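Peer 1: Any chance you can model this:
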Amino acid sequence: LDLSGQIGSQFGIARAWGPVAGILTLLGFIPAMPQLVVLPAAALAGGIYWLLRRGEKSADTQLETIVSSTPGHIIEWHEIAETAPITLELGYALVSLVDERKGAPLMGRVTAIRRQLSREFGFVLPMVKVADDLSLPGNSYQIKISGVLVGDDNAWAHELLALDSGDCLEGVTGRAVKDPSFGLDALWISEADRTDAIAAGYTVVDPATVIATHLNQLASASAAELFGMDDAQALVDNLKYSYPQLATGLTPAPYSLAAITALCRALLTERVPLRDFRRVAEAMVDLAPRNLDVTELVEAVRQRLGALIVQTIVPVKMPLAAITFDGGLEELLVQSVQTGPHATWPFEPALARRIIAAVDEAVQPMLIAARSFAIITSPLCRAAIARLIRAQFSDVAVLSFLEIPETKKVDVIAVVGGEPRLADTAHDAGEPYAE
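Peer 2: Numbering: from 1, shown residues only. This is a model prediction of the structure:
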């Protein structure tokens, strides 16, 4: 022990001199005590206490000044970094929807959406940051995914949204709008008009449900964007508990965590769930000796998951409604992909526009009837066609022949084709049509 150092350091502490000064002062007033010695000593101790105490207060004041001046002179990372992958910003008039004193109806629905989508896609969706934004108009809200604005609209906290199914009776008045999630004609009506709107055939929903449904739609479409390396690591860690040998054979060799993340994102982009990650991992391990690139690996894994993919489109006992391509047009598409195997958009612009127009004609009756279906094509061009179709019809599934189980019944409801003039494709691929 450094006894001399400890004793020396105590002489510089103000609170050590205060009691000394007090005791010496009391002794100085006791009769027969040498007052000429004791009282000056008490005064000396009191002076030392006062000087040390003033020095400590000065240091505290300087520290407080530095701390208080920090926000004005230093920009902290937390002030500029957006850490929440999903952000819901509300105008001041919508804050009551997240007020706990009023039940916070929107927060309950947001939590339910996270739970539902997490079960649907097979990974835990990140937290949704809900905040007020005074720069927004009072009844406006914005939804951001990874800092990018993906949707915004208006809602009225003390009104209801009446959705028009197309055959509603007249007589209900309100603020005419479009439903933000499905684009249906709708009216914002007062609470007092709820009964009349229901009687007229409208579907009536509260504002919290309107915003939550919009959030659900956008978050579902952005599942791949929300999936990161930490989520991939969580899938691998969970796999280790139940299938340790499979996890060992998957990573760190032959697949890195980055490769697993890329494949999972590619699957989620086309709404292929990761609920049964064991099957994904087994397919990857089986395909490892082939040394496939990411695009080829995704297509090969999809073929192993065909039954699961089809089941997300139609129930087990229902036939799969399918739209296919004419043989001549499909041969042309395969040739385009083989000419530029690594091109993101291998099709000629004119041909791509005609395909989109023909597919639009074929799928519109199915979309209007709200019937589930898939576009089926060759595995050689499936990925390229999926990218082309997804730009216009984000909810339409594109499958290859090899992804459909042998026991699954398929009903071809339309054929998209074109004049098979392959020799002249550089300038005119023929006008595709739907029949």
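Peer 1: pLDDT-wise, which helix or strand of the chain ranks last?
Peer 2: Lowest by mean pLDDT, DSSP states H and E among the helices and strands of the chain is strand 433-434, with a mean of 41.
Peer 1: Please enumerate the helices of the stretch 201-350 of the chain.
Peer 2: 207-221, 223-226, 229-242, 244-250, 257-269, 277-287, 294-304, 306-311, 327-339, 349-368 (DSSP state H, counting those that start in this stretch).
Peer 1: what separates the first one from the chain centre, distance-wise?
Peer 2: It stands for helix 207-221. The chain centroid and the centroid of helix 207-221 are separated by 12 Å under CA atoms, centre = their mean, to the nearest Å.
Peer 1: what do you get for the shortest one?
Peer 2: From the chain centre to the centre of helix 223-226 is a distance of 6 Å (CA atoms, centre = their mean).
Peer 1: Quick one: list the elements packing against it.
Peer 2: Contacts defined by 3 or more CB pairs under 8 Å, 6 or more residues apart in numbering; DSSP states H and E place helix 223-226 against helix 257-269. (Glycine included, C-beta is placed from N, CA and C.)
Peer 1: contacts for the helix it packs on?
Peer 2: In this structure, residues lying in contact with helix 257-269 by CB atoms under 8 Å, 6 or more residues apart in numbering are 121, 123, 223-224, 227-229, 231-233, 235-236, 250-251, 273-274, 280, 284, 294-295, 297-298, 301-302, 305, 390.
Peer 1: And these, which of them are buried?
Peer 2: When burial is judged by neighbour count using 16 or more other CB atoms under 10 Å, the buried members of those are 121, 123, 223, 227-228, 231-232, 235-236, 250-251, 273-274, 280, 284, 297-298, 301-302, 305.
Peer 1: Now do the contacts for the residue nearest to Pro126 when sequence neighbours are not counted.
Peer 2: The shortest distance from Pro126 to any non-neighbouring residue, by CB to CB, 6 or more residues apart in numbering, is to Pro85 (4.5 Å). With CB under 8 Å, 6+ apart as the criterion, the residues that contact Pro85 are Pro126, Ile145, Ser146, Glu225, Leu226.
Peer 1: For the last one, grab the count of nearby residues.
Peer 2: Neighbour count for Leu226, taken as other CB atoms under 10 Å: 21.
Peer 1: just for this protein, where's the confidence low?
Peer 2: Confidence mapping of the chain against pLDDT under 70 gives the ranges 1-17, 32-33, 35, 38, 55-83, 418-435.
Peer 1: tell me the SS of Ser394?
Peer 2: coil (DSSP: H, G, I helix; E, B strand; the rest coil).
Peer 1: The nearest residue to it once chain neighbours are set aside and Met284: what is the separation?
Peer 2: In space, Ser394 comes closest to Ala221 once its chain neighbours are excluded; the distance is 6.2 Å by CB to CB, 6+ apart. In this structure, Ala221 and Met284 are 25 Å apart, going by CB to CB, to the nearest Å.
Peer 1: Could you do Glu100 as well?
Peer 2: Taking CB to CB as the measure, Glu100 falls 45 Å from Met284.
Peer 1: same check, this time on Val210
Peer 2: Between Val210 and Met284 the distance is 41 Å, computed by CB to CB.
Peer 1: Can you tell me which residue is spatially central in the protein?
Peer 2: Leu226 (4.0 Å; CA atoms, centre = their mean).
Peer 1: Report the contact partners of that residue.
Peer 2: So Leu226 contacts Pro85, Ile86, Leu125, Pro126, Ile145, Ser146, Ala219 (CB under 8 Å, 6+ apart).
Peer 1: Spatially, which residue comes closest to Gly228, not counting chain neighbours?
Peer 2: With CB to CB, 6+ apart as the criterion, Gly228 has its nearest non-adjacent residue at 6.9 Å, and that residue is Thr261.
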